[in-house]
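> For reference, the sequence and a predicted model appear below.
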Amino acid sequence: MNKTHCTQCGGKLESRPIEGRERLVCSACGAVHYENPLPVASVLVPGPNHSVLLIKRNHEPYKGFWCMPVGFAEIGEDIQQAALRELREEAGIDGRIRQLLDASSYVSPMYGDVLIVTFEAEKTGGTEQGGDDADEARYFPIDSLPEIPFPPQMKAISNYLRLHEEEWTIRRSMEGFLASTRSGDVFASGMASDVLLDLLSHDPEPAVQRWVQDVTTHPSTLGYHGWDRQELVERARYVLARFAAWLKGTLPLETLRVHYVELGAKRSREGFVLHEVMSSFLLLKKHLWAFFVERGYQGRLLDTYRVLELDKRVSYFFDLLLYSVTLGFESRRPASGDDYAT
């Protein structure tokens, strides 16, 4: 309802341009009557398995629709307190504020301009049930929510997904890594560090060229100093391709093990010293690690986790290679199959 009279002197209000916009001004005393949006508190409570708590509205506007607990802040009430009060009144549970998700203006069909402030909160007690202004309260999977009529709440949900994306990715990958480690399949696909494998598959040349330069000059790999550089390039590409194939599950563990046992026997017959061959692999591991840090780290927590996770997988791979090559040196088995290796 539009104001018609001054609340200070009772004089008639009229519209005048003030501070760049039309405002209501008392024609008698000159008091300016500023109109501000009404503060509304909204709260997002995460549930199990990436779900969100919603209540079914039993009053207008949008009676019968689902939304997050929401309501007006009262005089003398902190906006966070208002959010937790609405949570208790409408959904039957107590909570603790975690963080601010969004603050957006919205024009309500019933109340006009409002400012909806949405917080993320964690449940601390109570039982989910419809309260004062709600018929029901229950959790919905966040990827299949019903229609929510308030755009600021949808924006808050998008912010919530963005803010937790790294956390969820790391948690899923860590759980998968631990599970695969327990089962012995430490190179299962679907991990966060698979992104870095894709980078390596797309462009391995930086790691390859640095390794070739290193292995042909390093004092621990004298036996490689006279090798043809292009042949070394092909061998390094071959090792990295098998590394990626193994991590992606397309190269059986036993196939890889047998190949490098045979390689060890072959290098022994060629007169190589074992520590030179082992050093060549360790140099390649070093440049592979540098590649992942340079290409995959941009300062985010998720980047840090990806690099560290892949470091564990790289270490497992090269540990197996070094062990297998050592067995080959000791057994001097006849070489067979593909000769490409470092």
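Arrived safely.
> Going along the chain, name the strands of the stretch 101-250 of the chain.
112-126, 134-141 (DSSP state E, counting those that start in this stretch).
> Mean pLDDT per helix and strand in this protein: which one sits at the bottom?
The least trusted helix or strand in the chain, going by mean pLDDT, DSSP states H and E, turns out to be strand 32-33, with a mean of 79.
> Next, the angle from the next helix or strand after that strand to strand 112-126.
Once strand 32-33 ends, the next helix or strand along the chain (criterion: DSSP states H and E) is strand 38-44. Calculated by axes from the mean of the first three to the mean of the last three Cα atoms, to 10 degrees, strand 38-44 forms an angle of 40 degrees with strand 112-126.
> what comes into contact with strand 38-44?
52-53, 68-73, 79-80, 82-87, 95, 101, 106, 111-121, 150, 152-153, 156-157, 160 (Cβ atoms under 8 Å, 6 or more residues apart in numbering). All C-beta atoms are positioned from the backbone trio N, CA, C, and that covers glycine.
> That strand - which strands sit beside it in the sheet, and in what orientation?
If you go by DSSP bridges, strand 38-44 pairs up with strand 70-72 (antiparallel), strand 112-126 (parallel).
> how about CSV for these, with distance to E19 added?
Below are these laid out as CSV (distance: least, Cβ to Cβ, whole Å):
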stretch, distance to E19
strand 70-72, 27
strand 112-126, 17
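> Out of these, flag the one nearest D133.
Closest to D133 of the strands paired with strand 38-44, according to Cβ to Cβ: strand 70-72, at 7.1 Å.
> Report the buried residues of that closest one.
Buried residues in strand 70-72, counted by 16 or more other Cβ atoms under 10 Å: 70-71.
> Mind checking the pLDDT average for that strand?
The pLDDT scores in strand 70-72 average 95.
> for that strand, the distance to its chain's centre please.
From the chain centre to the centre of strand 70-72 is a distance of 31 Å (Cα atoms, centre = their mean, to the nearest Å).
> rewinding a little: right, so of the strands paired with strand 38-44, which gets closest to I18?
Closest to I18 of those, according to Cβ to Cβ: strand 112-126, at 18.1 Å.
> Contacts only, for the residue nearest to E74 when sequence neighbours are not counted.
Spatial nearest neighbour of E74, chain neighbours left out: A82 (6.7 Å); criterion: Cβ to Cβ, 6 or more residues apart in numbering. Neighbour list for A82: 39, 41, 71-74 [criterion: Cβ under 8 Å, 6+ apart].
> Three-state assignment for A82, please.
The three-state assignment at A82 reads helix, by DSSP: H, G, I helix; E, B strand; the rest coil.
> That one and I55, how far apart?
When distance is defined by Cβ to Cβ, to the nearest Å, A82 is 16 Å away from I55.
> What of H202?
According to Cβ to Cβ, H202 stands 48 Å off from I55.
> now, which of the contacts of A82 sits nearest Y323?
Nearest to Y323 among these: A41, at 60.9 Å, using Cβ to Cβ.
> what kind of secondary structure is F292 in?
Going by three-state DSSP: F292 is helix.
> what's the closest non-adjacent residue to it?
Using Cβ to Cβ, 6+ apart, the closest residue to F292 is L196 (5.0 Å).
> Next, count neighbours for the one you found.
Per other Cβ atoms under 10 Å, the neighbour tally for L196 reads 26.
> just for the stretch 201-342 of the chain, where's the confidence low?
Applying pLDDT under 70 to the stretch 201-342 of the chain picks out residues 332-342.
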